[in-house]
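Asks: What follows is a protein structure lacking sequence information:
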């Protein structure tokens, strides 16, 4: 399943499993479809940013020994598109919606 994130400030698509994980970190239930109202976007962005800061990154030895094409992708990297969208939406007071494709 793919999840489409949409706002008047932009849109992007993400793997559903990762999207649900990140949505839960924003304080949402992770249910698809859903939305964050413009007034709540900044708080959701802060919760996600705090959660990511506390997440474990792959150990450097694991990354060096693996094939670069198969290197693990950190939660911080996966969250970047959502953080960016939330930041832009917060500046404009825009809602953020998501739905499955």
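Replies: Cool, the structure landed. Small disclaimer: the values here were computed from a predicted structure and weren't measured. Numbers count the residues shown, from 1 in each chain.
Asks: which stretches of the protein aren't confidently modelled?
Replies: The model of the chain has pLDDT under 70 over residues 56-68.
Asks: quick one: residue 3 is in a strand?
Replies: Yes. Residue 3 forms part of a strand when assessed by DSSP: H, G, I helix; E, B strand; the rest coil.
Asks: ok, it - how many residues close by?
Replies: 23 (other C-beta atoms under 10 Å). Quick note: C-beta positions are derived from backbone N, CA and C, even for glycine.
Asks: For residue 32, see how far away it is.
Replies: Using C-beta to C-beta, to the nearest Å, one obtains 6 Å as the distance from residue 3 to residue 32.
Asks: any common contacting residues for those two?
Replies: The overlap between the contact sets of residue 3 and residue 32 (C-beta atoms under 8 Å, 6 or more residues apart in numbering) consists of 16, 19-20, 98-100.
Asks: Give me the buried subset of those.
Replies: 19-20, 98 (16 or more other C-beta atoms under 10 Å).
Asks: Of those, which belong to helices?
Replies: When these are checked against helices using DSSP state H, the ones located there are 19-20.
Asks: Tell me the one of the buried ones among the shared contacts of residue 3 and residue 32 nearest residue 72?
Replies: residue 19 (18.3 Å; C-beta to C-beta).
Asks: Return the distance of stretch 79-96 from the chain's centre.
Replies: For stretch 79-96, the gap between its own C-alpha mean and the chain's C-alpha mean amounts to 10 Å (C-alpha atoms, centre = their mean, to the nearest Å).
Asks: Return the set of buried residues in stretch 17-34.
Replies: The neighbour-count criterion (16+ other C-beta under 10 Å) identifies 19-20, 22-23, 25-26, 28, 32 as the buried residues of stretch 17-34.
Asks: do the same with stretch 9-18
Replies: Under the neighbour-count rule (16+ other C-beta under 10 Å), stretch 9-18 has 9, 14 buried.
Asks: likewise stretch 39-58?
Replies: Applying a neighbour-count criterion of 16+ other C-beta under 10 Å, one finds 40-42, 44-45, 47-49, 51-52 buried in stretch 39-58.
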